[in-house]
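J.: Build me a model:
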Amino acid sequence: VVDARFAKPIDPDLPALVQRHRAALTLEDGTVTGGFGSAVLEALSAAGVTVPVRVLGLPDAFIEHGPQARLLSGFGLDADGVVEAARSLLRRDTESALAG
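T.: So this is what the prediction gives:
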C-alpha cells in the first residue's frame, strides 16, 4: 500500500516499487480521466514497467447525487468493490494492462 498524499508529481521511485509486485491497483475518489491513475500509468509506461494495472475511480460523466455509500458501491469504490477488483486483477491472464 502506497499513500499517495501528493498525487502530482508522481514519486520517481514509484515505477521501481511497482515493478517488484505482481500487479498494481490505484484508487481515487475523483474521475479516472486525467486523474492519479492516469498519471501512474504514464509513469509506469515511461519506465517500461509492464505489470498489470487496474485504475479505480469515477467515470468522466455526470453523476447523480445521492448517499455517498450508495454511490461508492455503485462504482465499485467501496470495500467490497476494491477487494473484488484486486482479486480480479490477480486472476488476469494478461501480461500487462499497459499492453491492452
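J.: For the protein, which segments count as strands?
T.: Listed in chain order, the strands of the chain (DSSP state E) span 24-31, 53-58.
J.: Where does pLDDT dip in this protein?
T.: 92-100 (pLDDT under 70).
J.: Would you mind finding the most buried of the strands of the chain?
T.: strand 53-58 (a mean of 19; mean count of other CB atoms under 10 Å). (Each C-beta comes from the backbone N, C-alpha and C, glycine too.)
J.: hang on, the earlier thing: can you put the strands of the chain in CSV and add distance to residue 1?
T.: Below are the strands of the chain laid out as CSV (distance: least, CB to CB, whole Å):
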stretch, distance to residue 1
strand 24-31, 10
strand 53-58, 14
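J.: Nearest to residue 38, out of these?
T.: For those, distance to residue 38 was read as CB to CB. The smallest value, 7.1 Å, belongs to strand 53-58.
J.: Perfect, I'm done here.
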